[in-house]
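# starting from these lines, generate the structure:
(one chain, ligands or ions: 2)
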Amino acid sequence: MDVEIEPSTLSGRARAPSSKSYTHRAILAAGYSGGALVYDPLVSADTKATMRAVDALGGTVELRSTSSRTQSDEDVTRESDHLDVDGFDGRPEVPGDVLDCGNSGTTMRLVTAAAALADGLTVLTGDGSLRSRPHGPLLEAVEELDGRAESTRDNGQAPLVVGGPVSGGSVSMPGDVSSQFVSALLMAGAVTDEGIEIELETELKSAPYVDITLELLDEFGVEAGKENLSGEGDGENGKSGENAEAEAGSGGGTYYVEGGQFYEPEDGEYHVPGDFSSISYLLGAGAVAADEDAAVRVGGAYPSAQGDSKIVGVLGRMGADVDWNRDDGVITVERSSLSGVEVDVGDTPDLLPTIAALGAVADGETRIVNCEHVRYKETDRVSAMAEELAKLGAETEETEDTLTVVGDESDLTGGEVDGRGDHRIVMALSVAALAADGPTTIAGGEHVDVSFPDFFEMLYELGATVNR
Ligand SMILES: O=C(O)C1=C[C@@H](OP(=O)(O)O)[C@@H](O)[C@H](O)C1
Ligand SMILES: C=C(OP(=O)(O)O)C(=O)O
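Ligands and ions are numbered 1, 2, ... in the order given. Coordinates of the predicted model:
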């Protein structure tokens, strides 16, 4: 589906969609439990893949609508969904069919480790994009634990054949391909006999996503932790200081989870927080296109372990007038003239498309560093953003692990761009399109369904001209 975005001015309030990362984990954690309710889930193409997987492993997942009080600043009662999950209680069954994980890397990685607990073989596959992404280190780890884990083409990519049951133990793996391997083993390790210890051979990329896993495990009553990890975050994610400038990676070290544990959330329920990767597009849209006399406000933005809340500090460094009321969970952004900055996305790969789009509108050079792992996503997002923003008139240059965008709002023309079948490329290009000189047509708009199904409706409600 082609979507045409015209230069627009925005104002008003939007509510962040629920977090994709927390929703995936909550569905699977509820699957590992005897049963639980997951409130405010993100219901999207990717999270539906995890729901299907939990069903196939012997649980059941049902979507119900309820009227619930939410934590917005107005604290209103609104219609919301919840998932009623009947779990497989730590003992996954062997699925009756091949598991199709669609476009979702998180599903494939988390479910591979779950499948290694079953007494038999599971076959996992996905769409063309997912079948080109790397899973080798996770497959090797499962084999180190005496499970079976093979890539049918012997290239570390899906289709995968995985079997067990593994009973736990110690593994070592690189941390610079995907943090999801660590998250997957921690979630499965809790219900093994011996537990699992994961020693990282390299620095861990995307480390805050493992913090999300640890936070969620804690809420499900599962103890897990980390040792000897250096460089905890960079202070820009709002948990440890506003607009902090220090940039630091996270070192090797060890993650561990004891075995023989039970998944049991307090009162049998879990509430999913808002998604900061999705929030980044709404804030980006506000910073480049808010009405001069009005701001864009985004609700549902409470602090959590999400590294992507760093977008608030990045926008501040670029010169945006942005304010985060953490108690109310509301971020307000006004249209601002932006300047280029350097941003390390080692911890926050999903922000790269948003920051690149902002860089195309900002004056001067935006340099995104430490981004090689962003090439292993739904598409190679470093090249995709370099090539698509260039079509709109930005000057771009990439190396293996950097992307430089030299922009200027007045030079940004509209045009025809390709979303590359990748939800984040589509949404980031939409942000740049709002500030261009003429209309922009983005091919593949339907892919927002992966993480933010209402994205175009929300942009429209904020005042954007969106033609589909
Ligand atoms: O665990 C998660 O929920 C995710 C981890 C990150 O991937 P990597 O750890 O592969 O970088 C991120 O890019 C992805 O969108 C979601
Ligand atoms: C990379 C992403 O997700 P996944 O790894 O689950 O496909 C994403 O949402 O940007």
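# near ligand 2, which residues of the chain show up?
K20, D46, S104, G105, T106, D350, K377, E378, R424, S451 (CB under 6 Å from any ligand atom). C-beta: built from backbone N, CA, C; applies to glycine.
# when you check ligand 1, which of these turn up near it?
Okay, of the residues of the chain next to ligand 2 touching ligand 1 (CB under 6 Å from any ligand atom), that's T106, D350.
# which of the residues of the chain next to ligand 2 has the most neighbours?
R424 (31 neighbours; other CB atoms under 10 Å).
# from what I see, Q306 and I212 are in contact.
Yes: under the contact definition of CB atoms under 8 Å, Q306 touches I212, with a separation of 6.5 Å.
# need the overlap of contacts for the two.
Residues touching both Q306 and I212 (CB atoms under 8 Å, 6 or more residues apart in numbering): S21.
# more crowded one of those two?
Q306 (29 against 21).
# quick check, nearest of the residues of the chain next to ligand 2 to N370?
Distance to N370 across the residues of the chain next to ligand 2 (CB to CB) is lowest for D350, with 13.8 Å.
# once you drop chain neighbours, what's closest to that closest one?
S277 (4.3 Å; CB to CB, 6 or more residues apart in numbering).
# can you tell me the helix or strand for the one you found?
Taking DSSP states H and E as the criterion, S277 maps to helix 276-289.
# with just CA atoms, put that helix into CSV.
Extracted C-alpha coordinates of helix 276-289, given in CSV (Å, rounded to 0.1, in the frame of the first residue of the first chain):
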residue,chain,number,x,y,z
PHE,A,276,9.2,4.3,23.5
SER,A,277,10.3,3.2,20.0
SER,A,278,6.8,4.1,18.8
ILE,A,279,6.8,7.3,20.9
SER,A,280,10.0,8.3,19.0
TYR,A,281,8.0,8.8,15.8
LEU,A,282,5.3,10.9,17.5
LEU,A,283,7.9,13.1,19.2
GLY,A,284,9.9,13.3,16.0
ALA,A,285,6.7,14.4,14.2
GLY,A,286,6.0,17.0,16.8
ALA,A,287,9.6,18.4,16.8
VAL,A,288,9.6,18.8,13.0
ALA,A,289,5.9,19.7,12.3
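# show me which residues of the stretch 301-450 of the chain are close to ligand 1?
P349, D350, H373.
# just give me the neighbour total for E266.
9.
# again, but for D291
17.
# residue contacts, it?
D291 neighbours (CB under 8 Å, 6+ apart): T9, L10, S11, R335, G463.
# for the residue in the stretch 201-350 of the chain positioned nearest to ligand 2, give me the pLDDT.
Taking CB to the nearest ligand atom as the measure, the stretch 201-350 of the chain has D350 as its residue closest to ligand 2, at 4.5 Å. Listed pLDDT for D350 reads 98.
# hang on, it is in a helix, isn't it?
Yes: checked against DSSP: H, G, I helix; E, B strand; the rest coil, D350 lies within a helix.
# show me how the record splits the protein into domains.
2-16+274-467, 20-271 (automatic domain parsing).
# deepest of these, which one?
Per residue and on average, the most neighbours among those fall to domain 2-16+274-467, with a mean of 22 (mean count of other CB atoms under 10 Å).
# how about the residue in this structure that sits furthest from its center?
D293 (32.6 Å; CA atoms, centre = their mean).
# from T9, how far off is it?
From D293 across to T9, the span is 10 Å (CB to CB, to the nearest Å).
# picking up where we left off before, which helix or strand lies directly C-terminal to the helix holding S277?
strand 296-299.
# what's in contact with that next one?
Against strand 296-299 from outside (CB under 8 Å, 6+ apart): 10-16, 72-73, 274, 279, 282-283, 285-286, 290, 328-334, 462.
# on contacts alone, who are the packing partners of the very next helix or strand once past that strand?
Following strand 296-299 in sequence order, the next helix or strand is helix 310-318 (DSSP H and E). Helix 310-318 sits against helix 276-289, strand 321-325, helix 352-361, with contacts defined as 3 or more CB pairs under 8 Å, 6 or more residues apart in numbering; DSSP states H and E.
# sorry, back to before: could you tell me the least trusted of the domains of the chain?
Among those, domain 20-271 scores lowest, at a mean of 90.
# can you give me the end-to-end span of that one?
Counting by CA to CA, to the nearest Å, you get 13 Å between the two ends of domain 20-271.
# relative to the whole chain's centre, how far out is that domain?
12 Å (CA atoms, centre = their mean, to the nearest Å).
# D211 belongs to a helix, doesn't it?
Yes: per three-state DSSP, D211 lies within a helix segment.
# how near is it to R424?
21 Å.
# contact partners for A305?
Contacts of A305 by CB under 8 Å, 6+ apart are P208, D211, I212, L214, E215, K239.
# surely A30 is in contact with V85?
Yes: look at A30 against V85 with CB under 8 Å: they come within range, at 3.6 Å.
# between the two, what contacts are shared?
Both A30 and V85 are contacted by A36, L37, V38, V54, G59, V61, under the criterion CB under 8 Å, 6+ apart.
# leaving out chain neighbours, which residue sits closest to the residue of the chain found nearest ligand 2?
Closest to ligand 2 within the chain is G105: 2.7 Å, counting by CB to the nearest ligand atom. Of all residues not flanking G105 in the chain, R133 sits nearest, at 5.7 Å (CB to CB, 6+ apart).
# and that neighbour, how far is that from L117?
23 Å.
# quick one, helices of the stretch 101-250 of the chain?
Assigned by DSSP state H, counting those that start in this stretch, the helices in the stretch 101-250 of the chain fall at 105-115, 136-144, 180-189, 208-219.
# kindly reformat these as CSV containing distance to S151.
Output for the helices of the stretch 101-250 of the chain, formatted as CSV (distance: least, CB to CB, whole Å):
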stretch, distance to S151
helix 105-115, 11
helix 136-144, 6
helix 180-189, 14
helix 208-219, 23
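# contacting residues for the residue nearest to D350?
With CB under 8 Å, 6+ apart, S277 has these contacts: K20, Q306, D308, D350, L351, R424, S451.
# quick check: the two most widely separated of those residues?
Maximum distance among the contacts of S277 (CB to CB): 15.0 Å, for Q306 and R424.
# measure stretch 377-395 end to end?
Start-to-end, stretch 377-395 (CA to CA) is 23 Å.
# could you do stretch 451-458 as well?
Using CA to CA, the two ends of stretch 451-458 sit 14 Å apart.
# nearest to N155, out of the helices and strands packed on helix 310-318?
Closest among these, using CB to CB: helix 352-361, at 25.3 Å.
# any idea how far that closest one is from the chain center?
The answer for helix 352-361 is 17 Å, by CA atoms, centre = their mean.
# just the angle between that helix and helix 310-318, please?
20 degrees (axes from the mean of the first three to the mean of the last three CA atoms, to 10 degrees).
# next SSE downstream of helix 352-361?
Counting by DSSP H and E, what follows helix 352-361 is strand 364-369.
# hey, C-alpha coordinates of that next one in PDB?
These are the backbone C-alpha positions of strand 364-369, laid out as PDB (Å, rounded to 0.1, in the frame of the first residue of the first chain):
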ATOM      1  CA  GLY A 364      24.200  20.300   9.900                       C
ATOM      2  CA  GLU A 365      25.600  16.800  10.500                       C
ATOM      3  CA  THR A 366      24.000  14.100  12.500                       C
ATOM      4  CA  ARG A 367      26.400  11.200  13.000                       C
ATOM      5  CA  ILE A 368      24.900   7.900  14.200                       C
ATOM      6  CA  VAL A 369      27.700   5.600  15.500                       C
END
